[in-house]
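S.K.: Sharing a model prediction with you, sequence too.
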Amino acid sequence: MERPDERSDARERALYLLYEAHSKGIAPVDTIDLQVIEPDELTQELVRGVGDHLERLDGMIDERAHGWTLARMPVLDLNVMRLGAYELLERPHVPTAVVLNEAVELAKRFSTDDSGRFVNGVLAAIATDARPTAD
């Protein structure tokens, strides 16, 4: 039987919390405090990191999402890209391929049919700049 990947699960939980923050119009970090059971350490790191770097992440996404504004993007796609961009910038020990694969899988699983390609394209462009000597 295949064991679940705790890091993948943490990314998924972080996506839920970021979506909740958007839906409620609150800061991402505030969603952590609203949980009945405290989220695991990685989930908290991802949510706090995205929240702390939100303006920078959105700027990077906006620059590379040709033909799209942040306001027009599906909320799930935007939050998946925020998570991926945060990891590319602030978690250098996570291989680039892992960040991209995880983001694409989240987008394909929770968003539209075209989301995987869109997320991959934007994050690959960010990775080129953020990790010029990528693994």
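M.R.: Received, thanks. These numbers were taken from a predicted model, which means no experiment stands behind them.

S.K.: contacts, neighbours, all on C-alpha from now
M.R.: Will do.

S.K.: separation between Asn120 and Arg91?
M.R.: Here the distance between Asn120 and Arg91 works out to 18 Å (C-alpha to C-alpha, to the nearest Å).

S.K.: who's more crowded, these two?
M.R.: Asn120 (21 against 14; other C-alpha atoms under 10 Å).

S.K.: list the buried ones in the strand or helix carrying the more buried one?
M.R.: Using DSSP states H and E, the element containing Asn120 is helix 115-130. Along helix 115-130, these residues count as buried under the neighbour rule (16 or more other C-alpha atoms under 10 Å): 115-116, 118-127, 130.

S.K.: Same question for stretch 17-25.
M.R.: The neighbour-count criterion (16+ other C-alpha under 10 Å) identifies 17-22 as the buried residues of stretch 17-25.

S.K.: helix, strand or coil for the residue nearest the centre of the chain?
M.R.: The centre of the chain sits closest to Leu83, judged by C-alpha atoms, centre = their mean, with a distance of 1.8 Å. Under DSSP: H, G, I helix; E, B strand; the rest coil, Leu83 falls in the helix class.

S.K.: what about Arg48, distance to Val36?
M.R.: When C-alpha to C-alpha is the yardstick, Arg48 and Val36 sit 18 Å from each other.

S.K.: okay, the two: which has more neighbours?
M.R.: Between Arg48 and Val36, counted using other C-alpha under 10 Å, the more crowded position is Arg48 (20 against 7).

S.K.: give the contact list for the residue lying closest to the more buried one once chain neighbours are set aside.
M.R.: Spatial nearest neighbour of Arg48, chain neighbours left out: Val29 (5.4 Å); criterion: C-alpha to C-alpha, 6 or more residues apart in numbering. Going by C-alpha atoms under 8 Å, 6 or more residues apart in numbering, Val29 touches 47-48, 51.

S.K.: picking that back up, switch the buried residues of helix 115-130 over to a markdown table; also include pLDDT.
M.R.: As requested, these are arranged in a markdown table below (pLDDT from 0 to 100):
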| residue | pLDDT |
| --- | --- |
| Ser115 | 94 |
| Gly116 | 95 |
| Phe118 | 96 |
| Val119 | 97 |
| Asn120 | 97 |
| Gly121 | 97 |
| Val122 | 98 |
| Leu123 | 98 |
| Ala124 | 97 |
| Ala125 | 97 |
| Ile126 | 97 |
| Ala127 | 97 |
| Ala130 | 91 |
